[in-house]
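Peer 1: this one's structure only:
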């Protein structure tokens, strides 16, 4: 397996280390900063530092574009131009709709987003275990090659992550709610706290915690806000509606309703923290499906929408390539039953459910 | 010094321990739960457990009502009825306007609110150093006795806290912004995150941090929301206006303006975390003022509004009680100069500025 990593900061460097150490991949790294590329080689993050995107991608099986969101719009097309016809090109950007829409006709591009590390951190923090247990979203489309998706998701799993397919729009709406909106809220809180007197330094832990991410790296976050502007602005609108309802409830002074509201928020918080991992022993499903672009993405997305996590998968094309089988490993009986049901609803045959 | 503590949970118990250990006060404790009162005695939080509010307050110099906000509306009047004519009665509730307004004619009541601990925690966490370095707001009014205010603020300082006078309305608006609004935001975030799918357990650290206080103790928080409903609802309205502006900015996709907004939030966050403590060596100011109710409160409030912290103070009434002098200790030259200026603006004579 030959892997190219474009951008060897925290995420790119960690991809290189994990790929080299865990399955002996040959990793070539490129970085716009030649010094950083050399450091990555010295640190064992890559086998060799390339002098250009073209040199890095030439004979790669998988290309990771590990640059901030704002740089991907140029970097990914360059990688696609440089990579071979049967290479898969992915990225690690925090928003997906913009880049996926721009490259909708490219069957070799599958967007990605690991929920680990940060685009802003440097190579010094890179480590092979960065992705262990972390969700890694992949955004295949109906044009995506099933074979390339399979290769990419197995590689991501091999890095220690838990890959999950998700529609790019759904991804961005999800990130708006669970990541970008908290940043906007943090900004709005510090703006208000800062407004009018010298006493605010006495702020207690609730404000400190709630504003931890306020004003995080402006260059990076301007990119994220702009590239996810539709979903994020909608999330803000929805949040405003909830705050208006809260203000109305608080003005009413209705103690019982206030207590119920608070209790419900506590329930939601507990639900939020319950992890979906460790749901039970792995079950194995064999699914027969037509070997056409999109069928793998369709199944993976259906499972993703249902909250069923694919812990691992393997694709077995038939000799004549007219059909194929995919083996899925799903944690927990309920999730596995649901996955089998969804596959059957899509018209596939499920032959083995251990 | 005889101290009564009504309610011996975390805060009441810690007051008792600190008062006993640090200046040998005789502490009597009352708790509606007789078992808790006995535990407080066994733990050394009080010298003796009283069987009633009346028994606890009878000959106390200072009475601390250390109960949740919802219980204070009954407890404080009971304490005032039981306490002597020259006792000062205070509370530790998180909101102040409601109770201070209700008792506006009582010169013996001075509201209080230490920014330490939580009303919900029990005696087991009580410790004499709970208040060390913590802000402790006091809300004297024009009816408050200067002598009683002086006694209370010195006692609070003796517990290790940093007393600061603040108008009850200003206190509640401040708490709305720095404590209650973050709780409302946390609730609004978990409500949104919980809304529509099973993926949210993958929530990253920004959402976890931002929602840490979501759904905190419903009984306590329904009280706080209700008792601070005006100021809190106004804070929510203001926050909504900021979020509307943020949504508009994000929809514009204006990268430069987004970067500026993010950078400004970062500045606000840094300002928020700069502590006002350690501003310089203590300076001593002697202020001559008429010995009438309200003059001490007026000065303390003026300093509080200007962000000048009184690290310590001592009151020296003239023999004929027609006038008095107060010595103030202020940290830092700038703050001390400002305090002297404010005292002069109020018509007082400032005789010593070391």
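Peer 2: Happy to help now that I have it. Predicted model only: the values in this text are computed from it and were never measured.
Peer 1: enumerate the residues of the stretch 1-150 of chain A near chain B.
Peer 2: Residues of the stretch 1-150 of chain A lying near chain B by CB under 8 Å from any CB of the partner chain: A:115, A:135. Glycine gets a C-beta too; all of them are placed from N, C-alpha and C.
Peer 1: give me phi/psi at the one residue in the stretch 1-150 of chain A that gets nearest to chain B?
Peer 2: Residue nearest to chain B within the stretch 1-150 of chain A: residue A:135 (4.4 Å; CB to the nearest CB). Residue A:135 adopts backbone torsions of phi -60, psi 140, taken as degrees, to the nearest 10.
Peer 1: wait, it sits on residue A:162?
Peer 2: Yes. Using CB atoms under 8 Å, residue A:135 is in contact with residue A:162, at 5.5 Å.
Peer 1: in contact with the residue of the stretch 1-150 of chain A closest to chain B, which residues?
Peer 2: If you count contacts by CB atoms under 8 Å, 6 or more residues apart in numbering or on different chains, residue A:135 has them with A:114, A:115, A:161, A:162, A:164, B:202.
Peer 1: distance of it from residue B:113?
Peer 2: 42 Å (CB to CB, to the nearest Å).
Peer 1: same check on residue A:328?
Peer 2: Distance from residue A:328 to residue B:113, by CB to CB: 57 Å.
Peer 1: check residue A:246 too.
Peer 2: Residue A:246 is 23 Å from residue B:113, by CB to CB.
Peer 1: and the strands in the stretch 251-354 of chain A?
Peer 2: For the stretch 251-354 of chain A, the strands defined by DSSP state E, counting those that start in this stretch occupy A:282-290, A:310-317, A:323-331, A:349-353.
Peer 1: so which elements touch the third one?
Peer 2: In this structure, strand A:323-331 makes packing contacts with strand A:282-290, helix A:295-305, strand A:310-317, helix A:333-345, judged by 3 or more CB pairs under 8 Å, 6 or more residues apart in numbering or on different chains; DSSP states H and E.
Peer 1: could you redo the last one with a cut-off of 10 Å?
Peer 2: Applying 3 or more CB pairs under 10 Å, 6 or more residues apart in numbering or on different chains; DSSP states H and E, one finds that strand A:323-331 contacts helix A:146-158, strand A:282-290, helix A:295-305, strand A:310-317, helix A:333-345, strand A:349-353.
Peer 1: can you tell me which of those the model trusts least?
Peer 2: Across these, strand A:310-317 has the smallest mean pLDDT, namely a mean of 65.
Peer 1: tell me where chain A is predicted with low confidence.
Peer 2: Counting by pLDDT under 70, chain A contains low-confidence residues at A:117-121, A:194-205, A:273-282, A:291-294, A:311-324, A:351-354.
Peer 1: helices of chain A, start to end?
Peer 2: Using DSSP state H, the helices of chain A run over residues A:10-23, A:34-42, A:53-57, A:69-82, A:97-102, A:146-158, A:168-175, A:181-193, A:205-210, A:218-227, A:229-252, A:255-273, A:295-305, A:333-345.
Peer 1: so for the last one, what gets flagged as buried?
Peer 2: What it means is helix A:333-345. For helix A:333-345, a neighbour-count test (16 or more other CB atoms under 10 Å in any protein chain shown) marks A:335, A:336, A:338, A:339, A:340, A:342, A:343 as buried.
Peer 1: wait, which of those is closest to residue A:287?
Peer 2: residue A:343 (4.8 Å; CB to CB).
Peer 1: could you measure from that closest one over to chain B?
Peer 2: As judged by CB to the nearest CB, to the nearest Å, residue A:343 and chain B stand 18 Å apart.
Peer 1: was I right about that residue contacting residue A:303?
Peer 2: Yes. Using CB atoms under 10 Å, residue A:343 is in contact with residue A:303, at 8.3 Å.
Peer 1: common neighbours of these two, please.
Peer 2: Counting by CB atoms under 10 Å, 6 or more residues apart in numbering or on different chains, the common neighbours of residue A:343 and residue A:303 are residue A:328.
Peer 1: closest to residue B:192 out of the helices of chain A?
Peer 2: helix A:229-252 (5.8 Å).
Peer 1: what's the angle between the closest one and helix B:218-227?
Peer 2: Inter-element angle recorded for helix A:229-252 and helix B:218-227: 80 degrees (by axes from the mean of the first three to the mean of the last three CA atoms, to 10 degrees).
Peer 1: buried stuff in helix A:229-252?
Peer 2: Within helix A:229-252, the residues that count as buried by 16+ other CB under 10 Å are A:229-236, A:238-240, A:242-243, A:246-247, A:249-251.
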